[in-house]
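Student: sharing a model prediction with you, sequence too.
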Amino acid sequence: MRSRKISIIVLVFVAVVVLMLQSAANADQIKLHERTEGYYTIKDQKTGEVIFATAWFLFKGDRYLTEDNRLYEITEIRGDTAYAKLVKKVDLSDFLKTINPKALDLSIPASSLQTNKRIGIYFTHSDESYVPTDGTSSIPGKGGIFDVGKSLSVALREQGVHVIQSDAPHDPHDAGAYERSRRTAQELLRKRLDAVFDVHRDAVPPEYYLSRVSGQKLAQVRLVVGRQNPNQQVNDNFAKQLKAVADKIHPGLVKGIFYGHGGYNQDLAPRSMLLEVGTHTVSKQDAEEGARFFADVVTRTIYGADEKKSTGIGGTSEPIRGERGSIGRSLLAIIGVVLVGFAGYVLISGGSWKEISSKVSKFFTKEFANFMGKIKKK
């Protein structure tokens, strides 16, 4: 009996250590968010074709969905060059099935799609700027990225969306930026938003982002999904739905989806998305134009669902496929950690099995009942 108790205590200890190591790893990846100099060029490991480029630090296992929907996975990194294998060709047509066909008709104003629309916008890297227009790549506290976010906000408001944009600075551009912006994101989400966007820009040569979409010169938009957060699946679904709609109404606008080694505060909400609007080497006007086009994609994606169907997060839009399941798994994970911690405490402090049984019984008959009673009173 004693050996069994010791074994359980050891298992609890190992679980706690694993959780601590995972937390430390997440903290480290925040520090390694992006390069301060240079960028990576990612090539197909078989053909040598250049797939994309980015200033984000890369790790084996990171993935990228290209503009033409080919999914790649990073397999090797050598200096400034990374190599990736083709995983599969992704069909995004399924992600259009919840969208009312009328929402994909550009002749129908997006402002006519549903009511009570609420979107949040903030900026983790509030210094990011555009060299050709701002004269520098960084303006602490008031970077050109705010103007790009404003263009997105204005375009959304023209389509009947209530936009809450936070211009709170999160400088310096260091390891703590995401932790500081996390508080901003949490404050925004208390407003019962349907989605929240963290607006950034990349740091690669202009040719990787400049394009013409629907005859208009602009900077493309890249979506970023963090691989280290419990909402990864539903964030991925949201990203793919956004890209599917963009591919339909504004082909070429969404450059791709990068699945990076990080969390990026996307655990806070199912519809939390990080955007890269252009790069530091394009003009701010081109980035603003890309943001305006992207507003059309946001509105028609989130609010273009059939209103007769069940409502989603925020009560105004169709749930994204996999949304409820992902939320349920996240809650189960949290409950599991709590139970492991509670079990560890009881086993370590309980003494005999008789004493342990007594503590558990007391918890559920007295403390838990009192706790539920307080909730009912509130």
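Tutor: Happy to help now that I have it. Residues are numbered from 1 along each chain as shown.
Student: residues near Gly48, how many?
Tutor: Look at Gly48: counted by other C-beta atoms under 10 Å, it has 8 neighbours. For the C-beta atoms, the positions are set from N, CA and C on the backbone; glycine is no exception.
Student: where does it fall, secondary structure wise?
Tutor: Using DSSP states H and E, Gly48 falls within no helix or strand.
Student: check Ile119 too.
Tutor: Using DSSP H and E, Ile119 falls in strand 117-122.
Student: got the CA coordinates for that strand in CSV?
Tutor: Extracted C-alpha coordinates of strand 117-122, given in CSV (Å, rounded to 0.1, in the frame of the first residue of the first chain):
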residue,chain,number,x,y,z
LYS,A,117,-21.0,43.2,-35.2
ARG,A,118,-18.0,43.8,-32.8
ILE,A,119,-14.3,43.4,-33.7
GLY,A,120,-11.2,44.3,-31.6
ILE,A,121,-7.8,45.4,-32.9
TYR,A,122,-4.6,45.9,-31.0
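Student: show me what it is packed against.
Tutor: When contacts are defined as 3 or more C-beta pairs under 8 Å, 6 or more residues apart in numbering; DSSP states H and E, strand 117-122 packs onto helix 145-158, strand 161-165, helix 177-189, strand 195-202, helix 284-302.
Student: name the residues that touch the shortest one?
Tutor: With C-beta atoms under 8 Å, 6 or more residues apart in numbering as the contact definition, strand 161-165 has outside contacts at 116-122, 149-150, 153, 156-157, 188, 191, 193, 298-299, 303.
Student: can you flag the buried ones in those?
Tutor: Buried residues within the contacts of strand 161-165, defined by neighbour count using 16 or more other C-beta atoms under 10 Å: 117-122, 149-150, 153, 156-157, 188, 193, 298-299, 303.
Student: relative to Ser129, which of those residues is nearest.
Tutor: Using C-beta to C-beta, Gly149 is the member of those that lies nearest Ser129, at 12.5 Å.
Student: I figured the closest one hits Ala291, correct?
Tutor: Yes - counting by C-beta atoms under 8 Å, Gly149 does reach Ala291; the two are 7.3 Å apart.
Student: anything in contact with each of those two?
Tutor: The contact sets of Gly149 and Ala291 overlap at Val199 (C-beta under 8 Å, 6+ apart).
Student: so what are the domain limits for this structure?
Tutor: The domain map for the chain lists 2-23+327-377, 40-87, 89-321, with the assignment taken from automatic domain parsing.
Student: and the ones you listed, which is most packed in?
Tutor: Mean neighbour count (mean count of other C-beta atoms under 10 Å) peaks for domain 89-321 among these, with a mean of 20.
Student: I'd like the mean pLDDT over that one, please.
Tutor: Averaged across domain 89-321, pLDDT comes to 92.
Student: make residue 1 into 23 and carry on from there
Tutor: Sure, I'll start counting at 23 from here, so that last one is domain 111-343.
Student: so how far is that domain off the chain centroid?
Tutor: Averaging C-alpha positions (C-alpha atoms, centre = their mean, to the nearest Å) puts domain 111-343 10 Å from its chain's average.
Student: could you do stretch 90-106 as well?
Tutor: The chain centre lies 21 Å from the centre of stretch 90-106; the measure is C-alpha atoms, centre = their mean.
Student: can you list contacts of it?
Tutor: Identification of contacts with stretch 90-106 by C-beta under 8 Å, 6+ apart yields 60-67, 73, 80-88, 107-114, 265, 269.
Student: between the buried ones among the contacts of strand 183-187, which is closest to Asp258?
Tutor: Nearest to Asp258 among the buried ones among the contacts of strand 183-187, with distances taken as C-beta to C-beta, is Val320, at 16.9 Å.
Student: so who does that closest one touch?
Tutor: Val320 makes contacts with 141, 178, 183, 217, 219, 264, as judged by C-beta under 8 Å, 6+ apart.
Student: where do the helices of the stretch 23-172 of the chain begin and end?
Tutor: Assigned by DSSP state H, counting those that start in this stretch, the helices in the stretch 23-172 of the chain fall at 24-53, 153-156, 167-180.
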